[in-house]
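[1] Give me the fold of what follows.
(chains A and B)
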2 protein chains.
Amino acid sequence: MPERPSEDDLIARYFAPLAAPEGLGLRDDAALLRPAAGADLVLTKDALVAGVHFFADDPPAAIARKALRVNLSDLAAKGATPLGFLLALALPGDWSAPWLAAFAAGLGEDARTYACPLFGGDTVMTPGPLTISITALGQVERGRFAPRDGARPGDCIYVSGAIGDAAIGLRLRLGQAAALSREHADYLADRYLLPQPRQGLAPAVRQFAHGAMDVSDGFVGDLAKMLRVSGVTAEIDLGRVPLSDAAQAAIGLDRALFEIAVTGGDDYEILACVPAERGGAFEAAARAAGVAVTRVGVAQRGDAPPKFIGRDGVEVVFARAAFSHF
Amino acid sequence: MPERPSEDDLIARYFAPLAAPEGLGLRDDAALLRPAAGADLVLTKDALVAGVHFFADDPPAAIARKALRVNLSDLAAKGATPLGFLLALALPGDWSAPWLAAFAAGLGEDARTYACPLFGGDTVMTPGPLTISITALGQVERGRFAPRDGARPGDCIYVSGAIGDAAIGLRLRLGQAAALSREHADYLADRYLLPQPRQGLAPAVRQFAHGAMDVSDGFVGDLAKMLRVSGVTAEIDLGRVPLSDAAQAAIGLDRALFEIAVTGGDDYEILACVPAERGGAFEAAARAAGVAVTRVGVAQRGDAPPKFIGRDGVEVVFARAAFSHF
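    As a prediction, this is how the structure comes out:
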């Protein structure tokens, strides 16, 4: 292979091994998918730019896995099972074969883990930073898609996992909160580097939730967004927002990190609004799937923004409700 | 609206008006598509980078339309009817509201023209050049997809439209071939700026072609690629390669432009391999659709690269068979 392979060489070498039959060996300009009878297709697309959504010197496997996982998080929040993905990769001029091999290996590992193989895509050169756009496809049984705007008055509002780890992890990466134990610091840094899409929760979401979304731009802002588009409101007890031991330790050292935790981005947890009478069944299904869920409030009639109530019973007004990469 | 709107503001203002029902008002993280019974889905994804695939100062509407049209060209070459598309847009810091309004207007115009509405996507900021990645979805009747590797010995090899206009147009844009008439120069420049996907030919392709692909990286290289993956070869009479009046005029002024024409990129024409006994029916269907097609050769048994024969009957060996943006 020449030092600077052609696009076709590069695809054949690094990406064809990740392709599903639908990808036609990545030798066509298109992929061919025969949809399952009785299924709806769910499509999501996220773009990530070096220096904006990840650090250019992050390990290439982690960059690839994050790019796929942020899309898998969207599919999980809609109750969808992954089918496959298309990748557009804009490579800067200084890419190297070892870098690309590691990127493809990370991508392939997650494609297998999440049963979400490569269907196709495009590889181009850019004078700018590494830019990755993934379109992921999933499916749900007909009519089982969990929309963002589906929350109804009386629904219990659940959130999966723990909130704020990635936002605190990013602060650590930027050199702040240095007094934390190595174990906690590593945990939080890893939660920023590598999202954990809650794929295990997807069946419970599609079975029980009226509405759902993934938390990617901050718990406070995303929850407000979901309630607003659903035409409901809520009082949220901030004391119930689930925090990891590591996040609690970090907040113990610097109380300002609590606001970072609940408004910062990159959680990739799931917010789900479940009718009260099905809350127990949802919790049981989540437990069986090994995904923690916490009830943080109840949706109510009204179009006011949600109120966030602190431990002292006083409403907390956030200066900046949502994180934005934009 | 503030001078620097949020991503949600921007989506609501510029892109939500282009959305199909499947796009859920662009207020969800995903699109929801109910596939038609008996249809196969065709997926294609192309990325375009300013300064690589188009000029950063091209009219924003033309940039948007080109980004969509290069994907529509892939769908047409597979015999597919467009369903919709997802857009990932990485905007440089200096984007302006008028620029984005014009971009969205151009995109919307083509979305209507080609009945290919917006399903969703992602908008991010980049410190690099404008980068656009579109994933287009189409459908074909089950089993009617025209694969690249479907050419068989004895198939007539057809190409649509005219070859080389865009490559010569790009040379004009770069200041070469200046002696051409204004009319011809404008025609060629426009063919570079704005591809004409041969959507009208898609029904004939899916009905009659064993195999097909769009010509995006040069006629000579793409034809060689299609024949190679199909396991066939051919002798191509270069005198039969269709050229527009403008391209012929340009080549008349500078014979070196002929090689540019047949090896340069951005034609977005269709190569189709049609069994000989169906050639007449294919030609009639193309004529009825208003798309010119020209038979340039016949596929033969063999795995040698195709031979390209010049007007003097001597084989032409190209120094550089294919154009690559890569």
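
[2] Please identify the residue of chain A positioned nearest to chain B.
    Nearest residue of chain A to chain B (CB to the nearest CB) works out as A:G128 at 1.8 Å. Bear in mind the C-beta positions are built from the backbone N, C-alpha and C, glycine included.

[3] OK, contacts around that residue?
    A:90, A:92, B:49, B:126-129, B:131 (CB atoms under 8 Å, 6 or more residues apart in numbering or on different chains).

[4] likewise A:L227?
    Residues in contact with A:L227 (CB under 8 Å, 6+ apart) are A:151, A:233-234, A:299, A:305-306.

[5] rewinding a little: per-residue confidence at the residue of chain A closest to chain B?
    Looking at A:G128, its pLDDT stands at 97.

[6] Can you show me the CA trace of the helix or strand containing A:V229 as CSV?
    Using DSSP states H and E, A:V229 maps to helix A:219-230. Extracted in CSV, the C-alpha atoms of helix A:219-230 (Å, rounded to 0.1, in the frame of the first residue of the first chain):
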residue,chain,number,x,y,z
PHE,A,219,-30.3,17.8,32.6
VAL,A,220,-32.0,21.1,33.5
GLY,A,221,-32.2,22.4,30.0
ASP,A,222,-33.2,19.1,28.3
LEU,A,223,-35.9,18.4,30.9
ALA,A,224,-37.3,21.9,30.4
LYS,A,225,-37.3,21.3,26.6
MET,A,226,-39.1,18.0,26.9
LEU,A,227,-41.8,19.4,29.1
ARG,A,228,-42.2,22.6,27.0
VAL,A,229,-42.7,20.7,23.7
SER,A,230,-45.1,18.3,25.6
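
[7] How about residues contacting whichever helix or strand comes after that helix?
    Going down the chain from helix A:219-230, the next helix or strand is strand A:232-237, by DSSP H and E. Defining contact as CB under 8 Å, 6+ apart, one finds that strand A:232-237 is touched by A:151-153, A:155, A:157, A:223, A:227, A:296-309.

[8] ok and strand A:232-237 relative to helix A:219-230, angle-wise?
    Using axes from the mean of the first three to the mean of the last three CA atoms, to 10 degrees, the inter-axis angle of strand A:232-237 relative to helix A:219-230 is 160 degrees.

[9] ok so, going back, please pick the buried ones from the contacts of strand A:232-237.
    Buried subset of the contacts of strand A:232-237 (neighbour count, 16 or more other CB atoms under 10 Å in any protein chain shown): A:151, A:155, A:157, A:223, A:227, A:296-299, A:305-306, A:308-309.

[10] Now tabulate those residues in a markdown table and tack on pLDDT, distance to B:G164 and secondary structure.
    Shown next, in a markdown table, are these (pLDDT from 0 to 100; distance: CB to CB, whole Å; DSSP: H, G, I helix; E, B strand; the rest coil):
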| residue | pLDDT | distance to B:G164 | secondary structure |
| --- | --- | --- | --- |
| A:A151 | 97 | 57 | coil |
| A:D155 | 98 | 61 | coil |
| A:I157 | 98 | 60 | strand |
| A:L223 | 97 | 56 | helix |
| A:L227 | 98 | 57 | helix |
| A:V296 | 97 | 62 | strand |
| A:G297 | 96 | 64 | strand |
| A:V298 | 97 | 66 | strand |
| A:A299 | 98 | 61 | strand |
| A:P305 | 95 | 59 | coil |
| A:P306 | 96 | 60 | coil |
| A:F308 | 96 | 63 | strand |
| A:I309 | 95 | 69 | strand |
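
[11] Need these in TSV (columns: distance to A:L170).
    Shown next, in TSV, are the buried ones among the contacts of strand A:232-237 (distance: CB to CB, whole Å):
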residue	distance to A:L170
A:A151	29
A:D155	31
A:I157	25
A:L223	20
A:L227	26
A:V296	23
A:G297	26
A:V298	31
A:A299	30
A:P305	26
A:P306	25
A:F308	22
A:I309	26
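
[12] circling back to that earlier point, need the max-distance pair from the contacts of A:L227.
    For the contacts of A:L227, the farthest-apart pair by CB to CB is A:A151 and A:P305; their separation is 13.9 Å.

[13] Just the strands from the stretch 101-250 of chain A, written as ranges.
    Assigned by DSSP state E, counting those that start in this stretch, the stretch 101-250 of chain A shows strands spanning A:118-126, A:131-141, A:156-160, A:211-215, A:232-237.

[14] Is there contact, residue-wise, from the second one to chain B?
    Yes: counting by CB under 8 Å from any CB of the partner chain, chain B has neighbours in strand A:131-141: A:131, A:133, A:135, A:137.

[15] What is the nearest of those residues to B:L174?
    Nearest to B:L174 among the residues of strand A:131-141 next to chain B is A:T131, at 25.6 Å by CB to CB.

[16] Out of the contacts of A:L227, which is nearest to B:A286?
    Within the contacts of A:L227, the smallest distance to B:A286 is 52.3 Å, found for A:A151 (CB to CB).

[17] how about that closest one, what does it touch?
    A:A151 is in contact with A:157, A:210-211, A:226-227, A:230, A:232, A:273, A:299, counting by CB under 8 Å, 6+ apart.

[18] same question, A:G239
    A:310-311.

[19] Please apply the same query to the one 5 residues further on.
    A:S244 makes contacts with A:162, A:164-165, A:187-188, A:191, as judged by CB under 8 Å, 6+ apart.

[20] Not including adjacent chain positions, what is the nearest residue to A:D8?
    For A:D8, ignoring the flanking residues on the chain, the nearest one in space by CB to CB, 6 or more residues apart in numbering or on different chains is B:K225 at 7.8 Å.

[21] ok, back up a step: grab the two from the contacts of A:A151 that are most spread out in space.
    Across the contacts of A:A151, the longest distance by CB to CB is 12.1 Å; it joins A:H210 and A:L227.

[22] if we can go back for a sec, can you select the buried ones among the contacts of A:S244 for me in ChimeraX?
    This is how ChimeraX selects the buried members of those, with burial counted by 16+ other CB under 10 Å:
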select /A:162,164,165,187,188,191
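
[23] Kind regards, and thank you for your time.
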